[in-house]
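**Q** sequence plus the predicted model coming up.
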Amino acid sequence: MKKYILTSILCLLMASINAQKNDIAPQDLNGMRAIGSPANPKVRMSWDRYHDYAQITQFGKDLVKAYPNLVKMESIEKSFEGRDIWVLTVSDFKTDKIENKPGFYIDGGIHANELQGVEISMYTAWYLAESFQTVKFINTLLKEKVFYIALTISPDARENFIHKENTANSSRSGMRPFDNDGDGLVNEDKYNDLDGDGNIVMMRRKSKTGRYKIDPKYPSRMYQVRGDEMGEYELLGYEGLDADGDGLVNEDQLGTYDPNRDWGWNWQPDYVQRGALFYPGTLPETRAVKNFIVNHPNIAGAQSYHNYGGMFLRGPGAAEDDPLFSRQDIEVYDNIGKLGEKIIPGYNYFVLHKDLYTVYGGEIDFLSLTRGIFTFSNELMTSYKLFNQKIAGSRWDNDEFNEFDKYLLFGDGYVEWKPFNHPQFGEIEIGGAKKNYIRNHPGFMLQEDAHRNMAFTLYHAYQTPKLEILDVKTEKLSGGLTAVTATIMNTRIIPTHSSIDVKNKIERPDYISIKGANVVAGMTVENEDLNLFTEQKHSPQTIEIDNIRGMGSVKVRWIVSGNANGATVEVSSAKGGFVSDKVK
């Protein structure tokens, strides 16, 4: 018996050693692992809730501690109120240098009330790290690519939204103070939680001239009467007081600018584009992201998370920029965006200015048109997800959210109307949707949409350039010369340079070099069958290529003196990575 026990222990030890040696995670011994989910995550997270700044910071630190060979964390700048803007770098640091890998940038929460963008950014970092040992696709992806994940790029306003009195629509901006009503005071007339229940909801008052009535099916809902129907109530706006005695309520809120109108492409002042500030880059948060992007030229794809509406948005933000998106680039976007519609039922692939509205000075155009980065902005959550069916009308003009609250949330989405004696309005009632309902996912729906949006983003990242040297051939020429011909292919759909990148020379060309040979001439092969070449007379050992298209190839040739055996062909691309091969 002792011998049997000893043998069993040794077998278990050997299995454990082999698992560590092969970098394979142990099986789940406490039940059956649900497919698609890490069985034994080192960093335990609940994805059915929203996290504040302290929890986000701790999450990043925990992930670095658990996976030091996969995750690094850095602060790229301080926010207006002095909080660190955290970026996680996620990759297999044991394979190649980070700067030699195609990069993918992710952020969320530029509009702080759009909470789930941050959660999906966190979920993506977590899933990549926790699945590296068990999911072959993730393992390969982190060997080939590097992810830069900005956990939240408006940390001040997120903290305010979570811990202070707000509505579903505040605070969309950051926390830089402004005199919004021009009275010489700053932030002096904010929302007031009149009954102290922690919610900012609506105020209503009975009125013979009012144009609203209570929905008899859903008492929390008010609807506007039509035609000659008589109303019973007037709506007075969100909970608040006339704090400064100017006859207005809630007119001087925190911020109220829009950090997604602060970017350097097609920026317009506030009188053209509401929410813009004094110049592109007024805010420390947006400047930090710009500097980070510019200092990481390997970033080939990007994803920003917003809400609401269930959309995969591509640029441009304004119609006048349509000609800057070439047919080849649009084909790339179409491939990714249309697949997204299958990955996330109820979401639609749209062009920003055409299918939503015009945006000047937005992040999506900064990334795609000033940096040549293929970029999507996802509008998270849609009423389709409530009952998995399309809904007629807008989210404000149907019963779906009230019905969903009744049957699936059991009344948790709304504050019941209650009487209140208002110092300015007299006898009123307060009630309505809580700040975290309608715009943000209910908890049980959050992880599914996080995973689906992450899957869409990982497909996008997978399609960033992957360069391979398919073939290196040599041919003896007269006079002791040798021709060396190399074929390089991009095996993914995203090119090494977008069309606007090529046109404006945003990033350096792709370099194809031969080292260890005495180069006499270098050229691009235009048509090998017809002997058409374009010679590069300057620095012939390094051929400059403007672009290697998605699923396309280029061919170069060098004439070298003597034998080329043992020389090395190297391909270096800012967004396509680095590969090399020996001449045999």
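**A** Ah, there it is.

**Q** any regions of the stretch 251-400 of the chain where pLDDT drops low?
**A** Scanning the stretch 251-400 of the chain for pLDDT under 70 picks out 252, 393-398.

**Q** with the chain instead?
**A** Judged by pLDDT under 70, the stretches of the chain that qualify are 1-31, 181-182, 187-189, 252, 393-398.

**Q** again, only using 80
**A** 1-32, 171, 179-189, 243-247, 250-256, 391-398 (pLDDT under 80).

**Q** where exactly do the helices run in this structure?
**A** 2-21, 53-66, 116-131, 136-144, 155-163, 284-294, 327-343, 363-365, 384-387, 400-404, 443-462, 499-504 (DSSP state H).

**Q** distance to Glu320 added to those helices, as a markdown table?
**A** Glycine gets a C-beta too; all of them are placed from N, C-alpha and C. Listed next are the helices of the chain as a markdown table, based on distance: least, Cβ to Cβ, whole Å:
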| stretch | distance to Glu320 |
| --- | --- |
| helix 2-21 | 58 |
| helix 53-66 | 38 |
| helix 116-131 | 28 |
| helix 136-144 | 37 |
| helix 155-163 | 31 |
| helix 284-294 | 22 |
| helix 327-343 | 16 |
| helix 363-365 | 11 |
| helix 384-387 | 32 |
| helix 400-404 | 37 |
| helix 443-462 | 26 |
| helix 499-504 | 14 |
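
**Q** now those helices as JSON lines including mean neighbour count and distance to Val90?
**A** Below are the helices of the chain laid out as JSON lines (neighbours: other Cβ atoms under 10 Å; distance: least, Cβ to Cβ, whole Å):
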{"stretch": "helix 2-21", "mean neighbour count": "10", "distance to Val90": "21"}
{"stretch": "helix 53-66", "mean neighbour count": "17", "distance to Val90": "8"}
{"stretch": "helix 116-131", "mean neighbour count": "26", "distance to Val90": "5"}
{"stretch": "helix 136-144", "mean neighbour count": "16", "distance to Val90": "7"}
{"stretch": "helix 155-163", "mean neighbour count": "23", "distance to Val90": "20"}
{"stretch": "helix 284-294", "mean neighbour count": "20", "distance to Val90": "15"}
{"stretch": "helix 327-343", "mean neighbour count": "16", "distance to Val90": "20"}
{"stretch": "helix 363-365", "mean neighbour count": "26", "distance to Val90": "21"}
{"stretch": "helix 384-387", "mean neighbour count": "18", "distance to Val90": "28"}
{"stretch": "helix 400-404", "mean neighbour count": "18", "distance to Val90": "35"}
{"stretch": "helix 443-462", "mean neighbour count": "20", "distance to Val90": "11"}
{"stretch": "helix 499-504", "mean neighbour count": "17", "distance to Val90": "25"}
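
**Q** ok, which of those comes nearest Asn199?
**A** Set against Asn199 and scored by Cβ to Cβ, the helices of the chain come closest in helix 155-163, at 12.9 Å.

**Q** got a list of contacts for the closest one?
**A** Applying Cβ atoms under 8 Å, 6 or more residues apart in numbering, the contact partners of helix 155-163 are 50, 52-53, 56, 79-81, 83-85, 109, 112-113, 115, 118, 152, 166, 170-175, 254-255, 285, 435.

**Q** cool, and stretch 61-78?
**A** Counting by Cβ under 8 Å, 6+ apart, 42-43, 60, 84-94, 125-126, 128-129, 132, 142, 150, 284-285, 287-289, 291-292 sit against stretch 61-78.

**Q** ok, the closest residue to Val359 other than its chain neighbours - contacts?
**A** Of all residues not flanking Val359 in the chain, Gly317 sits nearest, at 3.6 Å (Cβ to Cβ, 6 or more residues apart in numbering). By Cβ under 8 Å, 6+ apart, the contact set of Gly317 is 266, 352-353, 358-360, 362, 364-365.

**Q** any of those buried? List them.
**A** With neighbours counted by 16 or more other Cβ atoms under 10 Å, these contain buried members at 266, 352-353, 358-360, 362, 364-365.

**Q** of all these, which comes closest to Val146?
**A** Ile364 (21.5 Å).

**Q** any idea how far the closest one lies from Val502?
**A** Ile364 is 20 Å from Val502, where distance means Cβ to Cβ, to the nearest Å.

**Q** equivalent analysis for Tyr271, please.
**A** Taken as Cβ to Cβ, the span from Tyr271 to Val502 is 35 Å.

**Q** now do Glu74
**A** From Glu74 to Val502 the distance is 31 Å (Cβ to Cβ).

**Q** go on, Asn40?
**A** 47 Å.

**Q** apart from its neighbours in sequence, what residue is nearest Lys406?
**A** Tyr218 (6.9 Å).

**Q** how about that neighbour, what does it touch?
**A** By Cβ under 8 Å, 6+ apart, the neighbours of Tyr218 are 399, 402-403, 405-406.

**Q** what's the answer for Thr487, then?
**A** Thr487 makes contact with 469-472, 553-555 under the criterion Cβ under 8 Å, 6+ apart.

**Q** what about the closest residue to Gly60 other than its chain neighbours, how many residues nearby?
**A** Closest residue to Gly60 apart from its sequence neighbours, by Cβ to Cβ, 6+ apart: Met73 at 4.7 Å. Using other Cβ atoms under 10 Å, the number of residues around Met73 comes to 20.

**Q** and stretch 217-234, what's buried?
**A** 218, 220-222, 231, 233-234.

**Q** tell me the one of those residues nearest Asn250?
**A** Out of the buried residues of stretch 217-234, the member with the shortest distance to Asn250 (by Cβ to Cβ) is Glu234, at 16.2 Å.

**Q** for Lys213, see how far away that closest one is.
**A** 11 Å.

**Q** distance to Ser513 added to the contacts of Gly317, as TSV?
**A** Below are these laid out as TSV (distance: Cβ to Cβ, whole Å):
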residue	distance to Ser513
Asn266	38
Leu352	40
His353	42
Thr358	45
Val359	42
Tyr360	42
Gly362	38
Ile364	35
Asp365	34
